[in-house]
Structure formats: structure tokens, C-alpha cells
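> Got a sequence here, can you build the structure:
(chains A, B, C and D)
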There are 2 protein chains.
Amino acid sequence: MGQLPNEKILDEMQDLLSVASDSTRLKILMAICDEEHNVTELVSLVGASQSLVSHQLEVLRRHRLVTTRKEGRKVYYVVSDDHVNALLNVVYQHVIEKDRE
Amino acid sequence: MGQLPNEKILDEMQDLLSVASDSTRLKILMAICDEEHNVTELVSLVGASQSLVSHQLEVLRRHRLVTTRKEGRKVYYVVSDDHVNALLNVVYQHVIEKDRE
DNA sequence: TTGAAATATGAAAAGGAGTTCATATATGGG
DNA sequence: CCCATATATGAACTCCTTTTCATATTTCAA
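Reported below is the predicted structural model:
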């Protein structure tokens, strides 16, 4: 890559990274990257308020990083995109290996 | 991952993602992920002020994502970490494939 | 159909990060 | 030495995001 990608690509890259970089959203993503969870479960897993979790889930939905499934009055969320899983893995590995040094 | 990683791991993951998610820093990283560039080159590649580029390079240095090499009064920067390259690739691929839909 | 549980939403508050501007430092050339 | 170039730094300003608080909506159960 001698030249930078065009503006649109860069914008979309930045979007994805920004969405993943918030601490609440990152915890949510990590919680639902392998198995689905409903909102109440996420509230306790993540340790944030119901309102905050719901707001951040809306952000994840808007950016199409999660898929939802409704069961009664519960809504289950799961990471919808293999690239997002790959992203989380790469970041996780980076941190694990850095901590060894 | 039924349980979340511990707080320290999550913090460090968030750090990496936050650093990469700023538009100026992302452009810098993309510019120096394969080949090194000095600050002046980056200023024109990225299209930001010299001061801003320098500030953001300092952030990248502080987080150990880049390596520097001094040649006279020029300082060359390059991405120092394979995981960072992997991260950029995953994000890039994600965007490329999403754009097809 | 009434109440409780689960989730979503709107608006305001609180806080932090990016950017600029001015200037400092360092290095090499004449 | 002195000047120009290359890079770094500090402080202030601006803007945007996260978070909270209050409330609305939906769905199920009794």
C-alpha cells in the first residue's frame, strides 16, 4: 500500500474501529462473539446500566455488527460478522502476547 | 468465551482499538504498515498539519505501535507490530467486502 | 385487563479527545 | 557561526461521545 485507500474506505475502517473501541461496546462484543445473550444477561455480564447497554446495542445494530432474535419479551444478540470475530481475535492475541513481555 | 476476559485485558484491547480508531492515526498507520515514511512525507500523505501528525505519532509511539529510525534530521516511522498489520488487514477486508453488498 | 418484566428511547449532563497555534529543539549545510 | 529544515511540545479551544435519568413501549402472566 504505497498510496492510502480512498476516503470512503478509510471512513468505513474508522467507523468499525470506533464502534469497537468503546469499553462498553467492546465488552458486549466479547460477550456475544461466540454465544448469544439477551439484554438482561448483558447488563450483568458487562456491569453497566440497562439504559447504557441498550443504547450501545443500538449503536451495534445501526452499524450491522450484531444480529438479533426475539424470544417472547427477550431479545438475544450475537455478533453477526466473521470479520468482527476476526478483529476481536487479533486484538485479543495482540494483548495476550504483549503482556508476556 | 463464556466469561469476559479480565479488566486488564479488556482495557488493553480498548487501548489498541482506540489508538487505531482516530482518523489521522489510522491514515498514518495505513501509510506505514508496509513501508517506512518520515514525518514530512506523512504530513503530505495524510493531509494534516505538521503539528497534528507529530502529536499523533507521539501517541503511536507511546503505545508502542511504531518504530522510529533517525536519519539526519529526518525521522522515519514504521508499524512495529505484526498484530497491528493483522488488525489493519482484518478491518480493511471487512470494509472491502461490505462494500460489495 | 392489569401489573410486572424486558427492552428501547429522548434529552440533558459530564467528560474526554482531537485540533490548532505558537514556539522550542535539534540537525545539517554554507 | 548562522540560517533553514525537520520534528517535537505545551496550552488552549472546540467538539463529540459516553453516561445518566426519566419515561415509553412491548409482551407475558395471572
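> which helices and strands does the lengthiest helix in chain A pack with?
The longest helix of chain A (DSSP state H) is helix A:82-100. On a contact count with 3 or more C-beta pairs under 8 Å, 6 or more residues apart in numbering or on different chains; DSSP states H and E, helix A:82-100 meets helix A:7-21, helix A:23-31, helix B:7-21, helix B:82-100. C-beta: built from backbone N, CA, C; applies to glycine.
> Look up the closest residue to A:Leu60, ignoring the ones flanking it.
Nearest residue to A:Leu60, sequence neighbours excluded (C-beta to C-beta, 6 or more residues apart in numbering or on different chains): A:Val66, at 4.5 Å.
> now swap in A:Leu87 and tell me
Leaving out its chain neighbours, the residue that sits closest to A:Leu87 by C-beta to C-beta, 6+ apart is B:Val90, at 4.9 Å.
> again, but for A:Leu26
Counting by C-beta to C-beta, 6+ apart, the residue nearest A:Leu26 is B:Gln14, at 5.4 Å.
> list the contacts for that neighbour?
B:Gln14 is in contact with A:21-23, A:26, counting by C-beta atoms under 8 Å, 6 or more residues apart in numbering or on different chains.
> for A:Gln50, same thing?
By C-beta under 8 Å, 6+ apart, the residues touching A:Gln50 are A:39-40, A:43.
> PyMOL command to pick out the buried ones of these?
The following PyMOL line selects those of the contacts of A:Gln50 that are buried, judged by 16 or more other C-beta atoms under 10 Å in any protein chain shown:
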select buried, chain A and resi 39+43
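> picking up where we left off before, dump the helices and strands packed on helix A:82-100 into CSV; add distance to DNA strand C and mean pLDDT as well.
What follows is the helices and strands packed on helix A:82-100, written out as CSV (distance: least, C-beta to the nearest atom of the strand, whole Å; pLDDT from 0 to 100):
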stretch, distance to DNA strand C, mean pLDDT
helix A:7-21, 9, 97
helix A:23-31, 10, 98
helix B:7-21, 7, 97
helix B:82-100, 16, 93
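> any chance of those helices in TSV, with distance to DNA strand D too?
As requested, those are exported to TSV (distance: least, C-beta to the nearest atom of the strand, whole Å):
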stretch	distance to DNA strand D
helix A:7-21	7
helix A:23-31	4
helix B:7-21	9
helix B:82-100	17
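> hey, which of those is tucked in deepest?
Highest mean neighbour count among these (mean count of other C-beta atoms under 10 Å in any protein chain shown): helix A:23-31, with a mean of 23.
> Heading C-terminal from it, find the next helix or strand.
strand A:37-38 (DSSP states H and E).
> OK, contacts around the residue nearest the centre of chain A?
With distances taken as C-alpha atoms, centre = their mean, A:Leu29 lies nearest the centre of chain A, 3.4 Å away. Residues near A:Leu29 by C-beta under 8 Å, 6+ apart: A:20, A:60, A:65, A:79, A:84, A:88.
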